[in-house]
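Visitor: starting from these lines, generate the structure:
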Amino acid sequence: MKVFFQIKFSITAKEETQIEEELSNYVLTWLESKYGVAAKRAISACKSLLSDSEFGDPNGLFVETVHYEDVKYAQHNLWACKVMEPPKRWGKFAPRRWATEVGYEQTSDKSADISYSVRYDDIASNGEKRAPRPQFNLPKLAEMLISSEKWICTANGEVLHATNYQQHVGPVFGIDECRAAKEQALNAGEDKMDKHWISLCKVNRPDKNRDIWMLRLADAVGGVLVAPYFDKQKEQIHDNRLFVFCDDGPTEPGRIGFWEWEEFESEPGRWKTTSTYMEQASPVEVIVLDEVSNIEGVIMSLKSGLKIPSYAHGKIIFAAKNDTGFEGVLCDTGESLLRQRNPELVALRDDIYTLPYYKLNKSDIFEWKYEWESRKIYKYISLREPQKRIPIYPISETIKNIFLSSMGWPIFKAQAILKNDYLKFREALASIPKESILERVADTYGISIQEAQTYVDEFLQMVEKYMTVEDVDSAVITRILSKHGGLW
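Guide: Next up is the predicted model:
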């Protein structure tokens with residue numbers, strides 16, 4: 001089916017609103033307002049949409065629902081509803097049938113991720129013409145959900161209204177995804193009966209016997225980090241186990257990661273664990289810089305250097321807090337950051353020109369208390385695509401450096417070429433590598449060749465501003481580079 005409208009956003013409930021129940025009520029209200037008696041007849045046998053149900057006419061108005069209740073943690077319920085509307089013919093065109101799907105993924109007791117999509121298909125036979133693509137308008141149910149006074153809607157860290165939404169490109173959580181997630185969650189539950197887990201753990205210091213244990217911070221449930229519940233009055237085994245023995249993986253105190261572990265009965269009534277480090281899964285630390293208030297401040301701190309906890313390793317989102325959540329950039333201690341002599345000091349490498357940019361809600365972060373501080377981790381196992389990439393340096397400055405590196409400037413200086421020695425400079429220009437500067441600029445900033453051409457042209461026009469006297473006479477460079485097509 002063709003996508004007509006698609007959106008994905010987070011909601012945070014006001015007061016004691018039961019999001020799941022209110023969401024299903026909105027769907028019922030929408031159905032009854034649109035189909036009246038037909039809708040009431042279709043759902044008359046169903047007391048609630050929060051169940052696994054199919055009702056109505058498969059060739060007319062037909063409703064499917066899938067529901068999963070997380071009875072253990074009560075923090076990750078799932079629900080989806082799909083409404084197939086009766087086919088409707090428009091004039092001489094083939095009948096068109098519309099499908100609406102709403103998906104609900106609970107993220108906490110007061111928040112959830114919502115997916116909403118509207119699709120259509122033309123049922124053409126015997127050479128019937130298909131109707132043109134319908135003109136866009138905000139679907140009524142979407143407007144009801146976004147404008148509800150029972151919760152606050154946010155997308156990409158911004159409060160959502162019926163006038164500032166953006167369609168979501170990519171997968172959404174619909175009926176099929178909910179059915180698969182429910183099956184996965186149920187299988188995970190069966191695994192727990194077999195004493196098998198995947199958990200986010202923190203490596204502790206060796207004990208007096210030089211054994212290394214790990215603190216179990218969270219379990220991976222349906223791709224989301226969920227804090228386990230521990231009963232101090234019960235034996236620490238199975239689901240109630242707080243510590244897991246470190247058999248594999250990193251052993252530095254404070255390091256976190258994902259371990260797959262299981263229990264076995266070494267002797268009657270005595271349970272032990274075995275653990276395997278999962279290299280393919282990498283937790284993302286979120287470090288909030290309290291001294292800055294926006295993304296520009298985060299970038300400046302990274303460029304000048306900042307102190308981070310010694311345990312921080314791998315992928316890190318450095319963020320600033322704002323009214324709706326956090327905004328930050330993704331770095332990697334092994335790629336984009338350089339550690340100084342003091343291992344707690346890091347700075348951005350000089351050859352990093354852009355960084356992935358993220359807006360996060362509070363519900364996107366898993367947090368726990370660690371010694372004297374609060375430690376934050378990105379809540380989902382798979383890191384989503386960034387909203388954009390943001391430049392670290394002005395593009396004009398980067399173009400200047402690319403030009404100079406392409407001209408082999410250190411060689412010119414070694415030959416004591418003067419800035420006004422035009423003939424020698426012209427001879428040296430013939431040895432400039434024919435590497436495409438446009439492609440380098442485009443690759444560096446993730447832009448098109450056409451956009452790169454615009455920036456290069458602007459740079460050449462403003463070269464007096466961006467080049468210093470010591471570089472080479474600006475007028476000479478402007479004339480020569482503008483005519484030397486081999487550079488691009």
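Visitor: contacts, neighbours, all on C-alpha from now
Guide: Fine.
Visitor: which strand or helix spans residue 457?
Guide: If you go by DSSP states H and E, residue 457 is part of helix 449-461.
Visitor: how far away from the center of its chain is the helix or strand containing residue 97?
Guide: Using DSSP H and E, residue 97 maps to strand 96-108. In this view, strand 96-108 has its centroid 20 Å away from the chain centroid, taken as Cα atoms, centre = their mean, to the nearest Å.
Visitor: give me the pLDDT for residue 28.
Guide: On the pLDDT scale, residue 28 is placed at 86.
Visitor: buried set for the helix or strand that it is a member of?
Guide: Element membership for residue 28 (DSSP H and E) is helix 19-35. Using 16 or more other Cα atoms under 10 Å as the test for burial, helix 19-35 gives 19, 20, 23, 24, 26, 27, 28, 30, 31, 32.
Visitor: same check, this time on stretch 386-396
Guide: Neighbour-count burial for stretch 386-396, with 16+ other Cα under 10 Å as criterion, is recorded at 389, 390, 391, 392, 395, 396.
Visitor: so how far is residue 444 from the second one?
Guide: Right, residue 390. Look at residue 390 and residue 444: by Cα to Cα, to the nearest Å, they are 11 Å apart.
Visitor: quick one: residue 215 and residue 258, what's the gap?
Guide: In this structure, residue 215 and residue 258 are 11 Å apart, going by Cα to Cα.
Visitor: between these two, what contacts are shared?
Guide: Contact criterion Cα atoms under 8 Å, 6 or more residues apart in numbering; residues shared by residue 215 and residue 258: residue 201.
Visitor: so for those two, which residue has more residues nearby?
Guide: Using other Cα atoms under 10 Å, the more surrounded residue of residue 215 and residue 258 is residue 258, with 25 against 19.
Visitor: how much space between the more buried one and residue 200?
Guide: From residue 258 to residue 200 the distance is 5 Å (Cα to Cα).
Visitor: with residue 379 instead?
Guide: Taking Cα to Cα as the measure, residue 379 falls 11 Å from residue 200.
Visitor: between the two, what contacts are shared?
Guide: By the contact definition Cα under 8 Å, 6+ apart, residue 379 and residue 200 are jointly contacted by residue 225.
Visitor: buried sites along stretch 299-317?
Guide: Neighbour counts over stretch 299-317 (16+ other Cα under 10 Å) mark 299, 301, 302, 303, 305, 306, 312, 313, 314, 315, 316, 317 as buried.
Visitor: hey, what's the closest residue to residue 243 other than its chain neighbours bridged with?
Guide: In this structure, residue 243 finds its nearest non-sequential neighbour in residue 215, 4.8 Å apart by Cα to Cα, 6 or more residues apart in numbering. Counting by DSSP bridges, residue 215 is bridged to residue 202, residue 243.
Visitor: wait, residue 215 sits on residue 227?
Guide: No. Using Cα atoms under 8 Å, residue 215 is not in contact with residue 227; the gap is 12.0 Å.
Visitor: counting by contacts, list what the helix holding residue 457 packs against.
Guide: helix 395-406, helix 437-445, helix 474-483 (3 or more Cα pairs under 8 Å, 6 or more residues apart in numbering; DSSP states H and E).
Visitor: helix, strand or coil: sort out residue 125 for me.
Guide: Assigned with DSSP: H, G, I helix; E, B strand; the rest coil, residue 125 falls in the coil class.
Visitor: measure it to residue 89 for me?
Guide: With distances taken as Cα to Cα, residue 125 is found 13 Å from residue 89.
Visitor: those two: which is more packed in?
Guide: Shown here are residue 125 and residue 89; by other Cα under 10 Å, residue 89 has more neighbours (14 against 10).
Visitor: hmm, back to that, quick one, what contacts the residue nearest to residue 243?
Guide: 201, 202, 203, 204, 242, 243, 244.
Visitor: dump those residues to JSON lines, plus neighbour count, pLDDT and distance to residue 133.
Guide: Shown next, in JSON lines, are the contacts of residue 215 (neighbours: other Cα atoms under 10 Å; pLDDT from 0 to 100; distance: Cα to Cα, whole Å):
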{"residue": "201", "neighbour count": "25", "pLDDT": "92", "distance to residue 133": "51"}
{"residue": "202", "neighbour count": "27", "pLDDT": "90", "distance to residue 133": "53"}
{"residue": "203", "neighbour count": "24", "pLDDT": "92", "distance to residue 133": "56"}
{"residue": "204", "neighbour count": "19", "pLDDT": "91", "distance to residue 133": "60"}
{"residue": "242", "neighbour count": "19", "pLDDT": "89", "distance to residue 133": "57"}
{"residue": "243", "neighbour count": "19", "pLDDT": "91", "distance to residue 133": "58"}
{"residue": "244", "neighbour count": "24", "pLDDT": "92", "distance to residue 133": "57"}
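Visitor: and the helices and strands packed on helix 449-461, which one is worst for confidence?
Guide: The minimum mean pLDDT among the helices and strands packed on helix 449-461 belongs to helix 474-483 (a mean of 47).
Visitor: strands of the stretch 151-300 of the chain, residue ranges please.
Guide: Under the criterion DSSP state E, counting those that start in this stretch, the stretch 151-300 of the chain contains strands at 151-155, 158-159, 196-203, 213-221, 224-226, 243-245, 256-267, 270-277, 285-288.
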